[in-house]
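Chemist: 3D model of this:
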Amino acid sequence: MLLALKISNMLSCLLPHRSTKPTYINGLPVSEPDLVGEVLSVEEHGLFIDGKVYLDIRDATIMDEQNIRLEVKDIDEGDTVRIWISESELFGMTPALGTAMFVQRENK
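Modeler: A predicted model of the protein is given here:
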């Protein structure tokens, strides 16, 4: 059993990684968001969502529901956002950690 785990770990490093993360059409994700929640805190490089998840947004595309590009300064505490993350799941810490690929602010 241990040998099988070691071999699978070695192969995972050699074989190409297949991501099941969002497919994009015209720069917009076509899958359902990984997370929908209320912004409790906005920082220069991150959002704290629902008191449970901290997301790094440095490389994220941020838009509103009309697909107009936004900046971090356009996101306010209390806004509801839809988020697609880059990992297959959030890191299991408290709060959970993740990296956002795409953030969509719901209309105010």
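Chemist: If the nearest residue to residue 69 once chain neighbours are set aside is in a bridge, with which residues?
Modeler: Excluding its sequence neighbours, the residue lying closest to residue 69 (Cβ to Cβ, 6 or more residues apart in numbering) is residue 63, at 5.7 Å. From N, CA and C alone the C-beta is placed, and that goes for glycine too. Legend: beta-bridge partners of residue 63 under DSSP bridges are residue 69, residue 104.
Chemist: Kindly state the neighbouring-residue count (a burial measure) for residue 63.
Modeler: 18 (other Cβ atoms under 10 Å).
Chemist: For it, which residues are in contact?
Modeler: By Cβ atoms under 8 Å, 6 or more residues apart in numbering, the residues touching residue 63 are 28, 69, 70, 102, 103, 104, 105.
Chemist: my guess is the fifth one meets residue 82, correct?
Modeler: Yes - assessed by Cβ atoms under 8 Å, residue 103 is found in contact with residue 82 at 7.5 Å.
Chemist: So if I had to pick from the two, which one is more boxed in?
Modeler: Set side by side, residue 103 and residue 82 show more neighbours around residue 103, with 26 against 18, by other Cβ under 10 Å.
Chemist: Against residue 68, how distant is the more buried one?
Modeler: Applying Cβ to Cβ, to the nearest Å, the value for residue 103 to residue 68 is 13 Å.
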